[in-house]
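S.K.: Let's see this in three dimensions:
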Amino acid sequence: MKELFQNRVFRVVIAADLLQQIAIWVRNIVLLFYVMEQTNSDPVAVSMLTVIEQAPIFLFAFLGGTLADRWNPKKVLMISDMLSAASIAVIMLLIAGGYWKAVFAATLVSAVVSQVSQPASVIIFKKYVPESQVSSAIGLNQSMMSLFMIVGPMIGTFIYSWLGITYSLLCLFALFGASALVQMRLPKMSKPERAANSRIWQEMKEGFRYVRASRNLLLIAGAFSLIGLGAGLIQPLDVYIVTERLHLDKEALQWFYAMSGTGMLIGGLTAAATAEWLNTKLILFAGIVFLAVSMLVEALSVWVALTAAMRFLVGIMMAFMQIVLSMLLIKLVDETYVGRANGAIAPLMIGGILAGSALSGFVLKSTTLIVTFGIASAIVFAAAWFCLGLKIAPRRQPEAGRENAVQTL
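M.R.: Numbers count the residues shown, from 1 in each chain. Coordinates of the predicted model:
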């Protein structure tokens, strides 16, 4: 861990990510509260914010990954933050002129540009973080994101209550701008080498071919899709677990989310220290099976303590799975395909979540809450068998060359 923090590139990336996480949570909460005030808590307007945040991941992730593979990763990160800051500045002017609906555009711009900046960060990790330290780097990054699942809404609520919409947006502008300035400390980088006649659509096709040619990547893609579908099927129904099974007020749902976030924080820190020495296939299989079982337990449970404990344990296991999967993708994929591979696989889970969420209400009306959660559990359990088919080469010695980064696919 000490060696990781001696890596200047890692320190810069983690500092920029810290500023971005604060900005993202402030943006989400501030705009949510502002839209609720402007629309008298119209559920359609509120739900539109969620759609705008999630849809670009599904629609633009592969294009963003392709662009990240083509462009200078340092410039990608800086320009993305500058575009986010610029969008906030424009929104401030429009709100001052009475056009409050422009807040939706701010969310859309930030969500779209993140589909290029996120794979660019992965490319930088691949290039500048030694393979033996990748798990620790991803684990610390994941832990920071989990921490903000707990404290982010509190920070956003405090800033909006204290400053109001105008000065809250000014804080957002400063945070995104500060992140861009921090990234100036990254080392000088150049564009990846490309054939003179290379075109973006051609490279997107090459990315799909690369994923299709890899048995491991296809298995991971299948697992992602099924996990997303199962999770999406019950995601909108969490509130019914709280109200119908536990007989609590709907506002109590936030505390169960906090338990998940706390579990992810602890799991992320633990995985950062131990993931390099763990059996990747076993962790993925056990984690997915546990997730499937937890869905049934939560649906059957009528005890607050048991449901809360399951949320906490699921948070720990989810952190392990996310870190192990991220570490595996970085190790499996050649540097020139990192953006496209991530862009091809990541949207599958989001697509599954969107599809499952769209079906959840119909399934619940046709069956019962326990049956719906049972169906979701079976779908997620099926994803575990994909992981058993993974062929993962033994961990290489540290002195192995970086050019041999692609594992046997």
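S.K.: Mind giving me the packing neighbours of the host helix or strand of Gly164?
M.R.: Secondary structure from DSSP states H and E places Gly164 in helix 134-182. On a contact count with 3 or more Cβ pairs under 8 Å, 6 or more residues apart in numbering; DSSP states H and E, helix 134-182 meets helix 2-5, helix 8-39, helix 73-96, helix 103-128, helix 253-274, helix 304-332. No exception for glycine: its C-beta is placed from N, CA and C like everyone else's.
S.K.: for the first one, which positions count as buried?
M.R.: What that stands for is helix 2-5. Buried residues in helix 2-5, defined by neighbour count with 16 or more other Cβ atoms under 10 Å: Leu4.
S.K.: What helices and strands are in contact with that helix?
M.R.: When contacts are defined as 3+ Cβ pairs under 8 Å, 6+ apart, helix 2-5 packs onto helix 134-182.
S.K.: Please apply the same query to the last one.
M.R.: Here helix 304-332 touches helix 103-128, helix 134-182, helix 215-234, helix 253-274, helix 280-300, helix 338-366, going by 3+ Cβ pairs under 8 Å, 6+ apart.
S.K.: what stretches of the stretch 251-400 of the chain score poorly on pLDDT?
M.R.: For the stretch 251-400 of the chain, the stretches with pLDDT under 70 are 251, 254, 275-276, 335, 339, 343, 392-400.
S.K.: Count the neighbours of Ala358 for me.
M.R.: Close neighbours of Ala358, defined as other Cβ atoms under 10 Å, add up to 12.
S.K.: For Leu296, see how far away the closest residue to it other than its chain neighbours is.
M.R.: Closest residue to Ala358 apart from its sequence neighbours, by Cβ to Cβ, 6 or more residues apart in numbering: Gly232 at 7.9 Å. Distance from Gly232 to Leu296, counting by Cβ to Cβ, to the nearest Å: 17 Å.
S.K.: Name the residue in the two with the higher neighbour count.
M.R.: Taking neighbours as other Cβ under 10 Å, Gly232 and Leu296 compare with Gly232 leading, 23 against 17.
S.K.: rewinding a little: now do the helix holding Gly164 and helix 253-274, the angle between them.
M.R.: 110 degrees (axes from the mean of the first three to the mean of the last three Cα atoms, to 10 degrees).
S.K.: tell me the angle of helix 134-182 relative to helix 304-332?
M.R.: 80 degrees.
S.K.: for the record, mean pLDDT for helix 134-182?
M.R.: Average pLDDT, helix 134-182: 82.
S.K.: what angle sits between that helix and helix 73-96?
M.R.: 50 degrees.
S.K.: Centre of the chain to helix 134-182, how far?
M.R.: 15 Å (Cα atoms, centre = their mean, to the nearest Å).
S.K.: Ok, stretch 302-322 next?
M.R.: The chain centroid and the centroid of stretch 302-322 are separated by 18 Å under Cα atoms, centre = their mean.
S.K.: Now do the buried residues in that stretch.
M.R.: Judged by neighbour count using 16+ other Cβ under 10 Å, the buried positions of stretch 302-322 are 304, 307-322.
S.K.: Kindly report the same for stretch 248-260.
M.R.: 248, 253, 256, 258-260.
S.K.: What is the neighbour count of Val76?
M.R.: Here the number of neighbours of Val76 (other Cβ under 10 Å) works out to 26.
S.K.: isn't it right next to Ser117, touching?
M.R.: Yes. In this structure, Val76 is within contact of Ser117 by Cβ atoms under 8 Å, at 6.1 Å.
S.K.: next one: stretch 283-294 to chain centre, how far?
M.R.: The chain centre lies 19 Å from the centre of stretch 283-294; the measure is Cα atoms, centre = their mean.
S.K.: my bad, stretch 127-136
M.R.: The answer for stretch 127-136 is 19 Å, by Cα atoms, centre = their mean.
S.K.: before we move on, what about stretch 353-367?
M.R.: 23 Å.
S.K.: contact partners of that stretch?
M.R.: 54-55, 58, 228-237, 240, 372, 375-376 (Cβ atoms under 8 Å, 6 or more residues apart in numbering).
S.K.: Buried ones among these?
M.R.: 58, 228-234, 237, 240, 372, 375-376.
S.K.: Name the member of these with the shortest distance to Ala292.
M.R.: The closest of the buried ones among the contacts of stretch 353-367 to Ala292 turns out to be Gly230 (Cβ to Cβ; 7.5 Å).
S.K.: I'd say the closest one and Phe373 touch.
M.R.: No. Judged on Cβ under 8 Å, Gly230 makes no contact with Phe373 at a distance of 9.6 Å.
S.K.: if we can go back for a sec, want to throw the buried ones among the contacts of stretch 353-367 into a markdown table with distance to Ala15?
M.R.: Listed next are the buried ones among the contacts of stretch 353-367 as a markdown table, based on distance: Cβ to Cβ, whole Å:
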| residue | distance to Ala15 |
| --- | --- |
| Phe58 | 29 |
| Gly228 | 31 |
| Leu229 | 36 |
| Gly230 | 36 |
| Ala231 | 31 |
| Gly232 | 34 |
| Leu233 | 38 |
| Ile234 | 36 |
| Leu237 | 38 |
| Tyr240 | 41 |
| Thr372 | 43 |
| Ile375 | 44 |
| Ala376 | 38 |
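S.K.: of all the residues you listed, which comes closest to Val182?
M.R.: For the buried ones among the contacts of stretch 353-367, the residue nearest Val182 by Cβ to Cβ is Phe58; the value is 29.3 Å.
S.K.: May I have the predicted confidence score for that closest one?
M.R.: pLDDT, Phe58: 65.
S.K.: overlap in contacts of Gly230 and Phe373?
M.R.: Common neighbours of Gly230 and Phe373 (Cβ under 8 Å, 6+ apart) are Met295.
S.K.: Thanks a lot, see you next time.
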